[in-house]
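# Here you go, sequence then predicted model.
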Amino acid sequence: MNHTPTTDTPAPAGRSLLAGKVAFVTGAGRGIGAAAARLFAREGARVLLAARTETQLKTVTEEIRAAGGTADYTLCDLADAAAVRAAVDRAVDLYGRLDVAFNNGAINQRPGPMDRMPEADFDRLYTVNLKSVWLAMTAEVAAIRATAGTGSIVNNSSIGSLRGNPELPAYAAMKRAVNSLTESAAITYGPEGIRVNAIAPGNTLTEMIRGWEAESPGLQERLVAQTPLRRGADPAEIAEAAAWLLSDRSSFVTGTVLRVDGGARA
């Protein structure tokens, strides 16, 4: 059956990307998530930020409000299934609807071969980086369906998911599974007017990449050398890609994993 979108159609020229929308962002206290929350608010969205660390969330929320945006925050440990569902529900409680969601939050692994990784570390990566995305998407779809009717979800993956990754094998495996969930969800919910995409950032100057650099000296030089643009990304550049995919200007894009990597996988 053909579906004619109502709220998920191209926006008029000059209108803010996310004007009038309610956005939910995980991992919003720092890095790409914080940059996304700031950008989404500047682009007209009312934003609910979610993460574990209240001081970080409070700082970003206050910055958004000081700049004239609308934002609030909720504490959410992505390893806690009930907390993930409750965080999504909180957006609806606060703003009356949910239009778009950016599932960004994740943790990294200690670099090294898979046989040296403790089972407990693997299990935590699965819970935070994969299971939480599934939990969030199911809650987000339900909230969008019950309120806005149509909408968009973006999951944060990694270019490390697009081929073998001997330095971060478990991290890459979870992100590759996120790609598959994204594609499956796009097919499942597309007929309802709910689009689902992912972004795959390359070398981005976040605390996560700096932690990897500490474990692997010279990492930045290697990554920059492999990137045609010869630099790492600012988190705000990655957020721009997520904002476009969430916006009505990408209204015929779903089921894609968009590389935002400076050409590293070209």
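Thanks, I have the structure now. Numbering: from 1, shown residues only.

# Now that Ala192 has come up, it's in contact with Thr150, right?
Careful, residue 192 is Glu; it's not Ala. Yes - counting by C-beta atoms under 8 Å, Glu192 touches Thr150, with 7.0 Å between them. In this view, the C-beta of every residue, glycine as well, is placed from N, C-alpha and C.

# Which of the two has more residues huddled nearby?
Neighbour totals were compared for Glu192 and Thr150, and Thr150 leads with 21 against 15 (other C-beta atoms under 10 Å).

# my guess is that one contacts Gly190, does it?
No - counting by C-beta under 8 Å, Thr150 does not reach Gly190; the two are 10.4 Å apart.

# what about the longest helix in the protein?
Scanning the chain for the helix with the most residues, using DSSP state H, yields helix 169-189.

# Flag every buried residue along it.
169-179, 181-183, 185-186, 189 (16 or more other C-beta atoms under 10 Å).

# Stretch 18-35 too?
18, 21-35.

# gap between the two ends of it?
One end of stretch 18-35 sits 15 Å from the other (C-alpha to C-alpha, to the nearest Å).

# roughly how far out does that stretch sit from the chain middle?
8 Å (C-alpha atoms, centre = their mean, to the nearest Å).

# mean confidence score for it?
Taken as a whole, stretch 18-35 has a mean pLDDT of 98.

# Centroid-nearest residue for the chain?
Asn104 (2.8 Å; C-alpha atoms, centre = their mean).

# so who does that one touch?
25-28, 32-33, 36, 156, 242 (C-beta atoms under 8 Å, 6 or more residues apart in numbering).

# Recalculate using a threshold of 10 Å.
25-28, 31-37, 50-51, 133, 154-156, 199, 201, 238-239, 242 (C-beta atoms under 10 Å, 6 or more residues apart in numbering).

# Then Asp77?
50-52, 83-84, 87, 105, 127-128, 132.

# The same query, at a cut-off of 7 Å, please.
52, 83 (C-beta atoms under 7 Å, 6 or more residues apart in numbering).

# any idea how far it lies from Met174?
For Asp77, the distance to Met174 equals 17 Å [C-beta to C-beta, to the nearest Å].
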